[in-house]
Structure formats: C-alpha cells, structure tokens
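In: please work out how this folds:
(one chain, ligands or ions: 2)
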Amino acid sequence: MSNTDFVLAVEDLTVSFDGFKAIDSLNLYVDKNELRVIIGPNGAGKTTLLDLICGKTKASKGSIKFKNEELTKLPEYGIVRKGVGRKFQTPSIYENLSVFQNLEVSFPRGRGVFGALKFKCNAEVRERVQKVAEEIGLADKLQTEAGLLSHGQKQWLEIGMLLMQDPELLMLDEPIAGMSVRERELTAELLQRICQNRSMIVIEHDMEFVKRIASKVTVMHQGKILAEGSMDKVQSDPKVIDVYLGH
Ligand code: ADP
Ligand code: MG
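Out: Numbers count the residues shown, from 1 in each chain. Ligands and ions are numbered 1, 2, ... in the order given. Here you go, the predicted model:
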C-alpha cells in the first residue's frame with residue numbers, strides 16, 4: 001500500500017495458532033487523533049489483534065503500518081519506541097513504589113526499575129510526572145505506595161505509566177474491568193482527556209461505557225471485522241445482533 005494519512009493501517013493480517021486463524025485477513029484503519037473502540041464476543045480475536053500490533057505475537061501474514069512504517073518485523077521494544085503503548089488487562093505496576101516512583105521509572109530515559117533509580121530525577125522528569133499525575137487524577141496521591149491504591153486507581157496509574165512515554169497510539173484492553181460505577185465514569189472522562197492529541201484503540205464490552213466514549217466502533221467476530229461505524233449503526237446491524245444473541 002502507498003503512504004496514507006492513517007496512524008495505523010492493518011492489512012490482510014492473519015495469525016494462525018496450530019491451524020486455527022485467530023486473526024483472519026483483517027483490515028483496520030485508524031485515523032490520527034481517533035478514539036476507536038473494538039467490541040466483539042469472547043474469543044473474537046480482540047486481544048490477539050493488540051498482541052500483533054505491539055509485537056507480542058508475530059503475524060503469519062499481512063502488514064501493520066504505523067505512520068507508514070511496517071511494524072511486523074520489529075521487536076516489542078522497537079514498537080514501543082516508535083510510539084505505540086499498550087496496556088494489558090491486568091495492571092503491572094510496582095506495588096512497593098510510590099505513585100511518583102512508578103511514573104518516574106516509566107520515563108523513557110529510565111528503562112526498568114534499576115536503570116531508573118540510578119538516574120538523577122531532574123526537573124524535566126518531575127514536570128512530566130506532575131502533568132501525567134494530573135491527567136490520571138492521582139496528583140494528590142504522588143507519595144502514596146501504589147499497592148495501597150484502589151483497583152481503579154491502579155488501572156489509571158498504569159495508563160499514566162504509558163503516558164509517560166507520550167505514545168502516539170495508545171491501546172487499552174478492557175480498562176474498566178472490575179471497576180466501580182464511579183470509577184467507570186471517571187475512566188470515561190480520563191480517556192476523553194488523554195485522547196486529545198493521540199490515537200487510541202480501546203477494547204471494551206461494557207456497552208454503556210462504549211456509548212460514552214466511542215465515535216466509531218469496530219465489531220470483531222472470528223478473527224474478522226463484522227461491522228464498523230457509529231454505535232447506533234453497528235447496534236442495529238442484523239449481523240451484529242445475530243452474533244451477540246448467539247452467545
Ligand atoms: P478476545 O480477546 O476477543 O476474547 P482472544 O484474542 O483472546 O479473543 O482469542 C482469540 C482466539 O485465539 C481464542 O479462540 C483463543 O483461544 C485463541 N488464542 C489466543 N492466543 C492464543 C495462543 N497464544 N495460542 C493458541 N490460541 C490462542
Ligand atoms: Mg481479550
């Protein structure tokens with residue numbers, strides 16, 4: 001494919017696990033500054049798609065272009081450096097470190113805990129930590145040990161750790177799982193705040209939440225895209241109704 005304005009262009013993407021195609025000739029295009037929500041029944045291939053984009057899983061076939069650069073041949077850390085951040089379903093924060101320290105170690109210069117502890121915490125890092133802490137609503141918790149945060153706050157902290165790298169594409173897998181109603185509301189606001197100047201892909205199956213945040217929704221089923229468009233459009237699509245009623 002020739003150069004495009006898409007931040008992400010996935011074409012003919014396929015991955016087989018022992019002959020089973022978890023992702024099957026999938027095409028997906030995400031615009032600059034777009035917040036795309038991907039829904040679909042369990043086993044549709046949503047998590048696998050993110051695994052492929054972030055390089056955790058290697059494609060059997062097809063192409064993944066981020067700002068017109070092919071990602072399928074890059075290692076995971078190379079993809080992170082290009083500006084793609086991905087949050088997994090379970091938060092991976094350092095429970096014994098403070099919120100401040102968790103954010104600090106996520107600053108690109110300090111790779112991993114040990115490298116980060118050695119480097120001087122200069123004004124630039126402090127400034128960035130402060131800004132991100134405000135974005136994720138934890139500015140008054142900077143000195144709190146991360147292990148003492150609520151489940152929702154831990155999720156936000158992990159999003160903040162990704163924001164420290166200032167990714168141009170941020171991918172979140174079921175970010176509100178296990179959250180209280182209030183935490184869900186705050187997360188919807190948080191996502192709207194942080195998608196202002198970056199693209200995001202959010203996998204979620206809570207429809208109320210999806211309605212709140214989504215402009216365009218992609219419905220996956222059996223490793224393929226079943227429908228795409230506004231929430232109203234996909235919800236009234238007979239193919240989509242069929243798949244959800246069948247499960
Ligand atoms: P979703 O996130 O939409 O629920 P997944 O992407 O987790 O779906 O899984 C899609 C399908 O691929 C499932 O049938 C799952 O069992 C299978 N799958 C995912 N990862 C692997 C793997 N590493 N090895 C074998 N099968 C896998
Ligand atoms: Mg999944």
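In: lowest average confidence, helix or strand, in the protein?
Out: helix 112-118 (a mean of 52; mean pLDDT, DSSP states H and E).
In: any idea how far the residue nearest the centre of the chain lies from ligand 1?
Out: The centre of the chain sits closest to Met171, judged by Cα atoms, centre = their mean, with a distance of 1.5 Å. Per Cβ to the nearest ligand atom, to the nearest Å, Met171 is found 12 Å from ligand 1. Where you see a C-beta, it was placed from the backbone N, CA and C, and this is true even at glycine.
In: and that residue, what element?
Out: Under the criterion of DSSP states H and E, Met171 resides in strand 169-173.
In: so how far is that strand off the chain centroid?
Out: 1 Å (Cα atoms, centre = their mean, to the nearest Å).
In: now the next helix or strand along the chain from it: buried residues?
Out: Counting by DSSP H and E, the next helix or strand C-terminal to strand 169-173 is helix 181-194. Within helix 181-194, the residues scored as buried using 16 or more other Cβ atoms under 10 Å are Glu183, Arg184, Leu186, Thr187, Ala188, Leu190, Leu191, Ile194.
In: same question, stretch 162-172
Out: Leu162, Leu163, Met164, Gln165, Pro167, Glu168, Leu169, Leu170, Met171, Leu172.
In: closest to Leu71 out of these?
Out: Closest approach between the buried residues of stretch 162-172 and Leu71, by Cβ to Cβ: Leu169, at 10.2 Å.
In: distance of the closest one from Tyr77?
Out: 16 Å (Cβ to Cβ, to the nearest Å).
In: what of Asp24?
Out: 28 Å.
In: between the two, who's got more neighbours?
Out: Asp24 (18 against 10; other Cβ atoms under 10 Å).
In: is the residue in the chain positioned nearest to ligand 2 in a helix, a strand, or coil?
Out: Nearest residue of the chain to ligand 2: Thr47, at 3.2 Å (Cβ to the ion). For Thr47, the assignment made with DSSP: H, G, I helix; E, B strand; the rest coil gives helix.
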